[in-house]
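In: predicted model and sequence below, questions to follow.
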Amino acid sequence: MFGSITTDMVLAILPEIALLVLIAVVFVTDLVVDEKRRGILAWTSIIGLLITMLLTAFFAQPGAEAETLWGGMLRHDWLAYVSKLIFLFGALITTVFTLNWDSVRFKGEFYVLLLTSTLGMTLMGASADLIMLFLSIETTSIPLYVLAGFLTDDDRSTEAGFKYLLFGAMTTAVMLYGFSLLYGFAGSTGLYEISAAIGAGQIPAAALAGAAVLVLVGFGFKVAMAPLHFWAPDVYEGAPTPITAFLSTASKAAGFVVLTRVMIAAFSSVQAEWQLMLAIAAVISMTLGNLVALSQTNIKRLLAYSSIAHAGYALLGVIAASELGAASVVYYFLVYVVTNMAAFGVVIVVSRVIGSDEIADYAGLSRRSPGLALVMLLAFLSLAGIPPLGGFIAKVLVFAAAVQAEFVWLAVIGVLNAIIGLYYYLIVLKVVYLTPGKDEQKALPTPRPQAVALVVSIVLLLLMGTVFAPWYQWALNSASALF
Amino acid sequence: MDFLLQPLNLVIFFPLLGVLALLFLKERESLARWVSLITALITFGISLWVLGLFDAANPDLQLTVVRDWIQVAGWNIRYAVGVDGLSILLVLLTTFLTPIAILSTWRAVEDRVRDFQLFFLLLEVGMLGVFLAQELFLFYIFWEFTLVPMYFLIGIWGGPKRMYAAIKFFLYTMAGSILMLLAILWLGINQGSFYLPDLIAIGGIPADIQYWLFIAFAAAFAIKVPMWPLHSWLPDAHVQAPTAGSVILAGVLLKMGTYGFLRFNLQLFPQTSVQLAPVMGVLAVIGIIYGAIVSYPQSDVKKLVAYSSISHLGFVVLGLFALNQQGISGAILQMVNHGISTGALFLIVGFIYERRHTREMDEFGGLWKVMPVYAVLTLIVALSSMGLPGLNGFVGEFTILLGAWGGGVANGPYGSYLFAGLAAVGVILAAVYMLFMFQKLFLGPVTNKKNEGLKDLSARELAILIPLLVLIFWIGLYPQPFFALIGPAVAKLTASFSGIAYLPIP
């Protein structure tokens, strides 16, 4: 079935190979090193992830033509390449932010699970076959269920893990049923074969629309779009904050990559139907996410609802179902992952010191730590879509995609939502900058590795908002791999 | 380097040098004021150099810098700046008012001085960018960018209700401008360019779509101006802002709205401009009278001045939508006049607030006896604001009224004595509330003991006010040089309306 293995095939899965090696290294280190010196586990993961990113960036770059390798299981194209880099970046920053988190940083299993989940994501980004897709989604999700409930002495974390598991299991089952329908009608599990079968008119439209709904349930859960978002606020609040950051960025981006690929590659003949379904989901996600975020007092819950709203904005790009649309989704996630990582980074550093995630406790942050406050300011303004930050360009691109695809009404709803969004971001910034706090004189130090991660994120954020030609080229290459 | 040394780029980005210098100043707060003042003065100098290079007889964009910037999805987004008769005075107004406003903070801002100056210079970059950008995308970036520093200027250094005012200001403005963003995207996608001269040359937008695009742009600008009934953010923002913030807010930021109408709505959507001119005229007249009536009963001097802005800017909008030479030239000049007079009024209110920490009119009375210099200067500024002949306000308002009387295009409903007549009522009302305010503050006996020992204006305060007074007299007595700068560009603009017939609104 495989024939002979070529260099191309190996290079295509180079990130996965590197991650597997890293997982093994962390696993063994955890067994060998004694309890006190387990601090090196995090550093091993960080260095390993950096090496993996570099290897991926330089050696796993696909050619101009997309290839389907490994017996039709994996796709080697720009979308896979860029999304793998996004996931690895997310995992890297997440790991940096566990460095001063004592309840996890001595535990090897934490890093093994995190890396395994990342491995699943990189495979999700490249899957071209229903079976591969299902396996990679599960490889991503199962470690995340455990990680969300990792703090076993914290009831909210346990609850988060359990809730996430139940929701995940149910929606995955529904999605699997959709997959089986597709296989039954098309007689193949390969996405591109299914697409051909649909194109040839082998599948009745009703069955196809049904399958699309079932598949969308699974994907909708991964990206936390309404009406499949119920798990997100509780899980985000209860999970260890680095995991929340990972869930809301890399995991969501992975869901979107799969969503975009499957919808555009496999379901193009029932495009009008799924566009309508997703349009409704996008409107509900944006509106509900933003409106509920208005009344949040906990920063993690606020970011959870904001991330539901952002799933709604990004959906506009998918709905456009055009090259610009797909490119805008990729751009959106390039920016969104970096932005949210910076925002959660501040939350993590602050909550380690003040021991609270309540927004009210951020009062006076701008005097206690001007640097952290500035990162928060830039990240939140980017989320709100203010130039010259990356978030502005990302929003412009998804709105432009919607306008170009003649979904002007969706763009108008998106724009109105951006105003609501701005309000709660400003409320947080108000607390950070304008409200006087109790402990204003006490400095709030940022450990060096975390500071480096935050600075890198902010620099990327500014670059994505000002010189965006190279990033956009990535996004465009990824998009053209789909058409 | 060559790119940065272009005169217009230099004028926009020079304040960033000051920002950089401020970033490296750690704690030397008194130095921060000087760095900021000197930066602003040099920027003013550069803008005078731009004025020297500017050819008033040429109606087109000058000193343009056009560079390719972003290629996305087949659109070519360019970096394009340029100046013409429509914007040159506003650029000068910005660079002129900024150092004055900075000088006014010497005593007024004691907390986090460095940050204050930093935001102020950033704000100047944004404002200059707005007036000079000739590319819709670039314009939008500068437009939005001005919100952030202003949000902090109000939010950190403002009055007791500063947070409410800051957030309201940000949300109102953003709500309008993001609709404009959609319209900009539509233009870019369907007309294939974001470059303003290209878009004007391409033209040919169907009337019904022009109508919606006009409204989307107008939403952003009408909120900024602010036109009645979208004005409710203004009194809050003005009253809560620190003095320097109010000066810039009234002096420059509000003009961004009227300038937007002038630069974008009139030029991009001529057909709809002609059709909606009567509607805009009616809203403007309502604003004029409403602003004047609401100013009268205010007990807080600053609030009175804030509401009077709504009235004055009503005149500007009335003049713009007269769509003729007098109306538009008068409107541009009136933008400058309002910047000078209202800026001066806010400074005057700031001076008394620094002495007494109150702005309630009932607290004062008979100040003329205590502070004679202050009283005389206030009288001149107040008379200028209400349009006394011989001072600047009169020239602008009179030209606008002339324009409104004969405005509009053939067989349109605009050019009627009704608009001019009703607007003239606003002039009378302005005299009422301004003189009433002056009387309460300055005339009669000194009723409040706390006012007896007040010091008259210091040298610094005089240095702040005198440049403004010079301009008040100059424009009032000899406005010709100013009209000469505006004239050719306005003539070119009004010529574009000549072929358009008034049609019913779709």
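Out: Arrived safely, thanks for sending. Numbers count the residues shown, from 1 in each chain, chains lettered A, B, ... in the order given.
In: got a pLDDT number for residue 338?
Out: Just so you know, I chose chain A. A:Val338 is assigned 93 on the pLDDT scale.
In: sorry, I should have been clearer: chain B.
Out: For B:His338, pLDDT reads 91.
In: what about the spatially closest residue to it that is not a sequence neighbour, how many residues close to it?
Out: Leaving aside its chain neighbours, B:His338 sits nearest to B:His312 (4.8 Å; criterion: CB to CB, 6 or more residues apart in numbering or on different chains). To be clear about C-beta, it is placed using only N, CA and C from the backbone, and glycine gets the same treatment. Neighbourhood size, B:His312 [other CB atoms under 10 Å in any protein chain shown]: 28.
In: so who does B:His312 touch?
Out: Counting by CB atoms under 8 Å, 6 or more residues apart in numbering or on different chains, B:His312 touches B:Gly291, B:Gln334, B:His338, B:Thr342, B:Ser385.
In: next SSE after whichever strand or helix holds the first one?
Out: Counting by DSSP states H and E, the element that carries B:Gly291 is helix B:270-295. If you walk from helix B:270-295 toward the C-terminus, the next helix or strand you reach (DSSP H and E) is helix B:301-320.
In: just checking, next helix/strand downstream of that following helix?
Out: helix B:325-356.
In: from A:Val258, how far out is the residue of chain A found nearest chain B?
Out: Of all residues in chain A, A:Pro387 sits closest to chain B, at 4.1 Å by CB to the nearest CB. Applying CB to CB, to the nearest Å, one obtains 31 Å for the distance of A:Pro387 from A:Val258.
In: and for B:Pro149?
Out: 41 Å.
In: please apply the same query to B:Phe119.
Out: B:Phe119 is 44 Å from A:Val258, by CB to CB.
In: I'd like to know how many residues surround B:Gln191.
Out: Neighbour count of B:Gln191, defined by other CB under 10 Å: 17.
In: so it is in contact with B:Leu199, correct?
Out: Yes - here B:Gln191 reaches B:Leu199: they are 5.7 Å apart, a contact under CB atoms under 8 Å.
In: re the thing from before, next, the buried residues of the helix holding B:Gly291.
Out: B:270-278, B:280-292, B:294-295 (16 or more other CB atoms under 10 Å in any protein chain shown).
In: not counting its neighbours along the chain, what's nearest the one residue in the stretch 51-200 of chain B that gets nearest to chain A?
Out: Using CB to the nearest CB, the closest approach of the stretch 51-200 of chain B to chain A is made by B:Ile141 at 4.1 Å. Leaving aside its chain neighbours, B:Ile141 sits nearest to A:Pro387 (4.1 Å; criterion: CB to CB, 6+ apart).
In: what does B:Val425 give?
Out: B:Ile289 (6.3 Å).
In: would you map the helices across the stretch 151-300 of chain B?
Out: B:162-191, B:196-202, B:207-224, B:233-240, B:243-248, B:254-260, B:266-268, B:270-295 (DSSP state H, counting those that start in this stretch).
In: repeat that for the stretch 301-450 of chain A.
Out: A:323-354, A:365-368, A:370-384, A:390-404, A:408-429, A:448-466.
In: by mean pLDDT, show me the worst of the ones you listed.
Out: Sorting those by mean pLDDT places helix A:365-368 lowest, at a mean of 83.
In: hmm, that helix in reach of chain B?
Out: No - judged by CB under 8 Å from any CB of the partner chain, helix A:365-368 makes no contact with chain B; its nearest approach is 8.8 Å.
In: can you tell me what sits against that helix?
Out: Outside helix A:365-368, the residues that touch it by CB under 8 Å, 6+ apart are A:350, A:372-373, A:376, A:431-433, A:437, A:439-440, A:442-444.
In: how about 6 Å then?
Out: Helix A:365-368 is contacted from outside by A:Ala373, A:Val432, A:Tyr433, A:Glu440, A:Leu444, using CB atoms under 6 Å, 6 or more residues apart in numbering or on different chains.
In: and stretch A:96-107, by the same measure?
Out: With contact meaning CB under 6 Å, 6+ apart, stretch A:96-107 is reached by A:Arg38, A:Ala42, A:Phe110, A:Pro242, A:Gly345, A:Ile348, A:Arg352, A:Pro447, A:Pro449, A:Ala453.
In: dump those residues to JSON lines, plus distance to B:Leu17 and neighbour count.
Out: Output for the contacts of stretch A:96-107, formatted as JSON lines (distance: CB to CB, whole Å; neighbours: other CB atoms under 10 Å in any protein chain shown):
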{"residue": "A:Arg38", "distance to B:Leu17": "50", "neighbour count": "16"}
{"residue": "A:Ala42", "distance to B:Leu17": "42", "neighbour count": "24"}
{"residue": "A:Phe110", "distance to B:Leu17": "48", "neighbour count": "27"}
{"residue": "A:Pro242", "distance to B:Leu17": "40", "neighbour count": "26"}
{"residue": "A:Gly345", "distance to B:Leu17": "31", "neighbour count": "28"}
{"residue": "A:Ile348", "distance to B:Leu17": "36", "neighbour count": "23"}
{"residue": "A:Arg352", "distance to B:Leu17": "38", "neighbour count": "17"}
{"residue": "A:Pro447", "distance to B:Leu17": "34", "neighbour count": "14"}
{"residue": "A:Pro449", "distance to B:Leu17": "33", "neighbour count": "16"}
{"residue": "A:Ala453", "distance to B:Leu17": "30", "neighbour count": "24"}
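In: farthest-separated two in these?
Out: Largest separation among those by CB to CB: A:Arg38 and A:Gly345, giving 23.0 Å.
In: in the stretch 51-200 of chain B, where is pLDDT below threshold?
Out: Low-confidence segments of the stretch 51-200 of chain B, defined by pLDDT under 70: B:72-74.
In: interface residues of it facing chain A?
Out: Within the stretch 51-200 of chain B, the positions adjacent to chain A are B:72-73, B:141, B:144, B:155, B:163, B:167, B:170-171, B:174-175, B:178, B:182, B:185-186, B:189 by CB under 6 Å from any CB of the partner chain.
In: quick one: which two of these are the most distant?
Out: B:Ala73 and B:Met163 (39.9 Å).
In: count the residues that sit near the residue of chain A closest to chain B.
Out: Residues near A:Pro387, counting by other CB under 10 Å: 25.
In: equivalent analysis for the one 5 residues further on, please.
Out: As a burial measure, the neighbour count of A:Phe392 was computed by other CB under 10 Å and equals 23.
In: ok, the nearest residue to it once chain neighbours are set aside - contacts?
Out: Nearest residue to A:Phe392, sequence neighbours excluded (CB to CB, 6+ apart): A:Gly385, at 5.0 Å. By CB under 6 Å, 6+ apart, the residues touching A:Gly385 are A:Gly391, A:Phe392, A:Lys395, A:Ala418.
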